[in-house]
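Asks: take a look and give me a structure for this.
(chains A, B, C and D)
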There are 2 protein chains.
Amino acid sequence: MNPKSTKQTLGRVVKSTEMPDLARDFSPAQLAKAINAKRTGMKLTLVDVAAALSISKPTLVKIEKGDTNVKLSNILKVMEYLGLSFSIISDKPSTTHTGEISDDEWY
Amino acid sequence: MNPKSTKQTLGRVVKSTEMPDLARDFSPAQLAKAINAKRTGMKLTLVDVAAALSISKPTLVKIEKGDTNVKLSNILKVMEYLGLSFSIISDKPSTTHTGEISDDEWY
DNA sequence: TACAAAAGTAAATTATAGTTAACTTATATG
DNA sequence: CATATAAGTTAACTATAATTTACTTTTGTA
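Replies: Numbers count the residues shown, from 1 in each chain, chains lettered A, B, ... in the order given. You can find the predicted model right below:
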């Protein structure tokens, strides 16, 4: 029941390639899914994107499989092209200081 | 005036190595700064971290200089070790759908 | 200011990511 | 089904990231 590849929405079953929940904690697999979902959602082929960014198809495939043995620069190219970006999260909930800031207590 | 390396906080000037504003739009330079700020804030040396993660010091330096010609796996090792993580952002503000989801309109 | 520890750089070598080209499944769609 | 288009894989090769070692520079501190 409830396989990841289908979703019930107001009685209508939606088969996807669905956008992963980007609020979740980061994982390479999640990034891969987001990239693949974006690309397919935009109706672009692997060859389209690879050619547009001057990267090879095998590299794009690696990225969409969640392989982390890939240069960051290539991943960023793809993300930017598809309209994805990162934000950086710090474990310790950043304390939203209004008061004094000692020189190295922020972390 | 207002150089990036100092900050006025309730009359006290704080020289840093300051945690970058993680809410800002992502850039490799920002990531580099966050990593360097975390490491130094935690009083760890380049050698400490490099040794703990079995990566070389020159690679760590590249990462902290914002060089993107580095494997994602190495960056993720460092980030995890220091308690940093990514979240993935989609350009188009994700429409917070409650209603119908057509099969490829999410992007 | 001298000493130590950390930061950062450089060059030579090794490991491996990335490329190209060709091929093999898959997925549509006429 | 037959054909086409995209996805995904493979192998040989090239480009370059990563490592090691050693050195230079910076920074902090007794």
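
Asks: show me which residues of chain A sit near DNA strand C.
Replies: For chain A, the residues in contact with DNA strand C (Cβ under 7 Å from any atom of the strand) are A:54-59, A:62, A:69-71, A:74. For every residue, glycine as well, the C-beta is placed using N, CA and C.

Asks: recalculate using a threshold of 10 Å.
Replies: Residues of chain A lying near DNA strand C by Cβ under 10 Å from any atom of the strand: A:15, A:17, A:40, A:50-51, A:53-63, A:67-75, A:77.

Asks: of those, list those near DNA strand D.
Replies: A:40, A:50, A:56-62, A:67, A:69-74.

Asks: quick one, which of the residues you listed are buried?
Replies: Buried members of those, scored by 16 or more other Cβ atoms under 10 Å in any protein chain shown, are A:40, A:50, A:59-60, A:62, A:70-72, A:74.

Asks: is residue A:26 in contact with residue B:86, as I believe?
Replies: Yes. Between residue A:26 and residue B:86 there is a contact under Cβ atoms under 8 Å: 4.4 Å.

Asks: any shared contact partners between those two?
Replies: residue A:89 (Cβ atoms under 8 Å, 6 or more residues apart in numbering or on different chains).

Asks: who are the contact partners of residue A:29?
Replies: residue A:66.

Asks: what's the lengthiest strand in chain A in contact with?
Replies: Secondary structure of chain A read by DSSP state E shows that its longest strand is strand A:84-90. With Cβ under 8 Å, 6+ apart as the test, strand A:84-90 has contacts from A:26, A:34-35, A:38, A:79, A:107, B:19-20, B:22-23, B:25-26, B:30-31, B:34, B:38, B:83-91.

Asks: mean confidence score for it?
Replies: The pLDDT scores in strand A:84-90 average 96.

Asks: got the buried residues for that strand?
Replies: A:84-90.

Asks: over to stretch A:35-43?
Replies: Per 16+ other Cβ under 10 Å, stretch A:35-43 contains these buried residues: A:35-41.

Asks: so which bits of chain A are right by DNA strand D?
Replies: Proximity of chain A to DNA strand D is confined to A:36, A:39-40, A:43-50, A:56-62, A:64-65, A:67, A:69-74 under the rule Cβ under 10 Å from any atom of the strand.

Asks: residue ranges of the helices in chain A, please?
Replies: For chain A, helices defined by DSSP state H occupy the ranges A:28-41, A:46-53, A:57-64, A:72-82.

Asks: only alpha carbons, please: show the longest one as PDB.
Replies: This file holds the C-alpha atoms of helix A:28-41, laid out as PDB (Å, rounded to 0.1, in the frame of the first residue of the first chain):
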ATOM      1  CA  PRO A  28      21.900  12.700  -2.500                       C
ATOM      2  CA  ALA A  29      19.000  10.500  -3.600                       C
ATOM      3  CA  GLN A  30      16.500  13.300  -2.900                       C
ATOM      4  CA  LEU A  31      18.600  15.700  -4.900                       C
ATOM      5  CA  ALA A  32      18.700  13.200  -7.800                       C
ATOM      6  CA  LYS A  33      15.000  12.800  -7.700                       C
ATOM      7  CA  ALA A  34      14.300  16.500  -7.600                       C
ATOM      8  CA  ILE A  35      16.600  17.000 -10.700                       C
ATOM      9  CA  ASN A  36      15.000  14.100 -12.600                       C
ATOM     10  CA  ALA A  37      11.500  15.300 -11.600                       C
ATOM     11  CA  LYS A  38      12.200  18.800 -12.800                       C
ATOM     12  CA  ARG A  39      13.800  17.800 -16.100                       C
ATOM     13  CA  THR A  40      11.000  15.400 -17.000                       C
ATOM     14  CA  GLY A  41       8.400  17.800 -15.800                       C
END
